[in-house]
Structures are given as structure tokens and as C-alpha cells.
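Student: Fold the following.
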Amino acid sequence: MIIDNVRLYDGHEYTQSELNYHVILEDGKIKGIGKGRTPEKGTHVTDGKERVLVPAFHDSHLHFLRYGLMKRELDLRNVTSWEHMKEEVRTYYPEMEEGDWIVGRGLEDSGFTDRDSLLEAKDLDELHLHTYMFFLHEDGHECIVNHKVMDLLKKEEGFKDIPEDFKEKDGRGEWTGRFKDTAVHFIKHHFRSRSTEDAKDALLYGIPHLLRHGITTIHSDDLNFIGSYERLWDAYTSLEKEGKLPIRAYLHHYIFKKDDLKDYLANHTYRTGEGTEQVKVGAVKIFLDGTQRLHTAAMRIPYHDKEDTSGNVVYTQEQLNDILRLAGENSMQVAMHAIGDRAVEQAITALEQPGARTDLLRHRIIHAQTVGQDLLSRLEKLNAVIETQPSFLLSEWDKKEKWVGKDLLPYCDAFKSFKRSNIPFTLSSDLPIGSLNPFEGMFAAVNRTDLEGKPRGGWQPQEKLSIDEAFRGYTSVPTLIELYEKNNEGRLVKEERADFLLIDRHPLEVDKEKIHQIKVVETWISGKKVYDIHQH
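Tutor: Numbering: from 1, shown residues only. Down below sits the predicted model:
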């Protein structure tokens, strides 16, 4: 097959917008790239109509199963009062059996118009008393549960290991029903399990959304939303066997402690990068700290707006070092959630151990939203990869100074600093928290404003990326963490697997302020068209 009459762009060799090419496909790969129109005629030649052919996108950090499951849960994003919320819950869950779960997402109770305090477990008692209740904050890092769920937690020995900072208490030292970060993940992982069939249904719902945005490879942290890595693996691989999984997926294994990793190693033969043709074992996922909004991200200095705390790390340095060494010895890549600079420093120290085998395994630090010059210098000597989520800036840029203070602002979301220090970094969504659309992520990284153009000139403008740099964050850089993959460079080169897109405008011809308006017209995987905007 030949894709004729296209312009090319990959952020590397192909950046000139005025040249015309034809691309030869064979056995799912790019067999050749020729300048000008092809002289060949026939049904095997497809006219690209001068659209722009680009490498397909990789989303290196999302929660894809969570995204698919959301269609079954009560959406509270537009609820503005406690009375409104109670009405929504009773309408959405009219008849509940003993032991059922009421689940809501997108809660933002700090803005409720009929309350001057946040919801607690005692407030939920006004709803169904005989059910378990779990309401998740919009950013996924805070939840509210009722007393029935807290009774479950009191029986869980493992919950005692979760740092107390993540369990909100009242003046008497009793749990209020509000939990944060790792405590939230524990609740989801231990009590909110789903069947393989439920997971398959959720994945089938989400796949068309990936293809519409040109995403053909994902690295997904799903374990908390199904409770079993075996069921998670079965869901993805069953769809693959049925011919219903067009994408490639790397499945993370979230752990709470070293023993969880030992259990995985004892009971599973696949290591990172191994698996089927389309489904492979991803990284071991670890949370090192929390979030800045909740003042639980671990900082090296106290919070500017809450000087009595600098957050907390989940592990001691020795505990984290042990986990990285065990992973390194067993060819398991590690992806560490670290938002505050103290957590990033802890991650770097663990990665610097020879036993971690960072050079070979390309371990990852997720977020790294606050760093420092000393940390950049140490990262430059490692072979680790940073995973950033630029679309977070769309809603957080105006809160950063309140959290970290003016002196640290130049080291927040320091994308260009990573580039200058030759530290590889990806751009990703953290779906469903951030935007799935890679062009919105690029918009935020290039402009450092919200979609309305605020602040004018961009927030911390010295950290703006070029369009080429942002594009590579979704294409060629993520291939560095996809261990042992052949013909996978995220570039337009001969013998590359034919995962590519046709888009409606050339990224270098579009005003930077309009990058997010670029549309994917077609998505191709292994030389087969799997999405066409004109058929959807």
C-alpha cells in the first residue's frame, strides 16, 4: 500500500511544511519514503490529499480502565450544593441492596453553596445507611466515605501502614471519613474490585476515544480499579484474542510495599516489556508522596500557605532503596509518583544505586512538579525518564505560588529545564484527571497558559517548549521506556512500524495559540486504518 500526496512531520528530520511525499507500507511497517507523488496507479494507492502524516501518539501515563468505568458512576462535577448532591445520589441509585456500593466521582464540595464546611462521614448518614459509600474528588487524590466503609478499614491490617497524614481526623482523634492519596488508593484497590467482563466493557467504551485523538500506545495504571492483576491482564488479552484491541498497552502493577512486589515476582513470569504482541507488563508503580493541593506532596521547605507542614513521604529512603534494588535485580521497571522536591530527591537517591540498573531499565519519575538546580544536575547523570502532564497547568498555574512560594516557582513544571539538562521527559495526560487530547497537552507546554490565554505571555515563560520538543514528548521520547520493542522509534523512518496519523493542519503552520485545535483525520496502526473522522 502507498499513502500518496502527503506532507510529513515528526519533530525530528521532517519539519519543512511545503514538501510533498509518498509513504510505502508493507507488512505493517514503513518500507520507504519518497519525495513527490508516486508514479504508481491502482487501488493500493491512497490519496492523502496533502494532509500531514505524523507518528502516532503514545500516552505514557494514564488510568485507562478508570476512564472507561466512569460511565457507570455518578458524575458530580456539576453539583453545586449538598442538597443537589443528595438528590443526584437518590436519583442515580434509587434501590440499593445491603452491601452495595454507591460511587460518585468529580466531587468538589469546597464550592458547595449551602455549606461552610467540607463533607464528612456523618453527613453521608443522611443517605442510604445500609450501603457502602465512596465519593472521589475531581483530581482523584481525595475521597469521602461513610462509617460502613470505615468499619471495613478498621479491620484491615495493611491500612495501619498508610501514613497518618493521609487520614483526616477530628479534634478527638477520630477519622472524619475524608482520606487522601495513598489511603484513597488502598480503598480502591482492596474494596472496589471488578470482574474481567466489567473491565472489558469499560475498555471497549474508552478505545474509540483513544483512536479519535491519535493515541495508539498507552501506559496505564489500572490495578486499583479492578483489584487483581490477573483479571486486568485477562481483560486486555481477551480483547486482543477477540480482535477488539487495536491499541498497544503496557499495564502497570501498583504496589504498596516490597512484599507486594515479591508476590508479583513469585506468581508471574512476565517482566517489564514482556507479554503478548499488544499487551505487555509495564512498570511497578509506587507513590512516594501526595499532592500540593492537599499539602501532602513532600517538599524540602514548608508550604507557603500552610507553614506547619512540608508534606510527607510514604517510605523511608531505606525502604525505597530496597524496592528499587529488588526491581532492578528482576528486570522490573519502576515508575514513581513524586510531586514535591523532597520526594523527587528521594527517588533520585534510589535511582543512583547500581543495583537499581537505571541505565538499562529506564526507571521513571512521574510528575516531578517541583525540582531544584541540584536535582536537575543529578538527574542529568541518570538514565531515568520524567513523565510530565502539561494540561495540569491549564487549571493550576495560578495556585502554584500560594503552595510553594515565589522562590521555587522557576522550578515548577520545569519542562525547558529538563530539556536544557538533557533529561528525557514525556508529555502525558494522567487521564481522567488531565486532558486526553495530546494537542491540548502540547498547547499547555508551548504556551504555558490556560485555553483563554491567561496569564498573558505565559506562566514562567522561560520554561516554554518549542512545538518540535512538545511533539516529541508524545512520540519519540515515550519509546525510550518501551523496553525491548523493535521498529518503535516514534519517528518517520524506514522499517518503523506503521503507526501514524493524518492530521488536518501542519503543527508548524498553526498559530501556537491554536495548536489544540488541530484534528486527527485518520489513525493507522500497523498499516491498517482504525479511525476515520468522516466515518464517526
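
Student: Grab the CA positions of stretch 447-456 and hand them over as PDB.
Tutor: Coordinates of each C-alpha in stretch 447-456 appear next as PDB, following Å, rounded to 0.1, in the frame of the first residue of the first chain:
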ATOM      1  CA  ASN A 447       2.200  28.400  25.700                       C
ATOM      2  CA  ARG A 448       2.000  27.800  29.500                       C
ATOM      3  CA  THR A 449      -1.400  29.500  29.600                       C
ATOM      4  CA  ASP A 450      -4.900  28.300  30.000                       C
ATOM      5  CA  LEU A 451      -7.100  28.000  26.900                       C
ATOM      6  CA  GLU A 452      -8.200  31.600  27.400                       C
ATOM      7  CA  GLY A 453      -4.600  32.800  27.100                       C
ATOM      8  CA  LYS A 454      -4.100  33.500  30.800                       C
ATOM      9  CA  PRO A 455      -1.700  34.600  32.100                       C
ATOM     10  CA  ARG A 456      -0.700  36.800  29.200                       C
END
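
Student: what distance separates stretch 26-34 from the centre of its chain?
Tutor: Averaged C-alpha coordinates place stretch 26-34 at 31 Å from its chain's average position (Cα atoms, centre = their mean, to the nearest Å).

Student: Can you pull out the residues in contact with that stretch?
Tutor: 1, 8, 21-25, 487, 492-498, 500, 526-528 (Cβ atoms under 8 Å, 6 or more residues apart in numbering). Bear in mind the C-beta positions are built from the backbone N, C-alpha and C, glycine included.

Student: What's the PyMOL line that selects buried ones from the residues you listed?
Tutor: A single PyMOL command is used to select the members of those judged buried by 16 or more other Cβ atoms under 10 Å:
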select buried, resi 1+8+21+22+23+24+25+492+496+497+498+500+526+527
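
Student: and the contacts of stretch 26-34, which of them are in helices?
Tutor: The members of the contacts of stretch 26-34 all map outside helices under DSSP state H.

Student: Which ones among the contacts of stretch 26-34 lie within strands?
Tutor: Among the contacts of stretch 26-34, DSSP state E puts Leu8, Tyr21, His22, Val23, Ile24, Leu25, Phe500, Lys528 in strands.

Student: The stretch 201-350 of the chain: strands as residue ranges?
Tutor: 215-220, 248-254, 279-287, 334-338 (DSSP state E, counting those that start in this stretch).

Student: Buried deepest among the ones you listed, which one?
Tutor: Mean neighbour count, computed with mean count of other Cβ atoms under 10 Å, is highest for strand 334-338 among the strands of the stretch 201-350 of the chain, reaching a mean of 28.

Student: Neighbouring strands of that one in the sheet, and parallel or not?
Tutor: strand 279-287 (parallel), strand 364-367 (parallel) (DSSP bridges).

Student: Now mean pLDDT too, for the strands of the stretch 201-350 of the chain, in TSV please.
Tutor: TSV is the format used below for those (pLDDT from 0 to 100):
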stretch	mean pLDDT
strand 215-220	98
strand 248-254	97
strand 279-287	98
strand 334-338	98
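
Student: which stretch among those strands comes nearest Gly227?
Tutor: Closest to Gly227 of these, according to Cβ to Cβ: strand 248-254, at 10.7 Å.

Student: export that closest one as CSV, just CAs?
Tutor: C-alpha atoms of strand 248-254 as CSV (Å, rounded to 0.1, in the frame of the first residue of the first chain):
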residue,chain,number,x,y,z
ARG,A,248,-0.9,-1.5,22.4
ALA,A,249,-1.0,-1.4,26.2
TYR,A,250,1.6,-1.5,29.0
LEU,A,251,0.0,-2.5,32.2
HIS,A,252,1.5,-1.1,35.5
HIS,A,253,1.5,-3.1,38.7
TYR,A,254,0.8,-0.8,41.6
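
Student: just the angle between it and strand 334-338, please?
Tutor: Taking axes from the mean of the first three to the mean of the last three Cα atoms, to 10 degrees, one finds strand 248-254 and strand 334-338 inclined to each other by 70 degrees.

Student: Taking their axis directions, strand 248-254 and strand 215-220 sit at what angle?
Tutor: Strand 248-254 and strand 215-220 are oriented at 10 degrees to each other (the same axes, to 10 degrees).

Student: hmm, who's touching strand 248-254?
Tutor: Contacts made with strand 248-254 from outside it, assessed by Cβ under 8 Å, 6+ apart, are listed as 64, 185, 189, 216-224, 229, 232-233, 236, 261, 264, 278-286, 335, 482.
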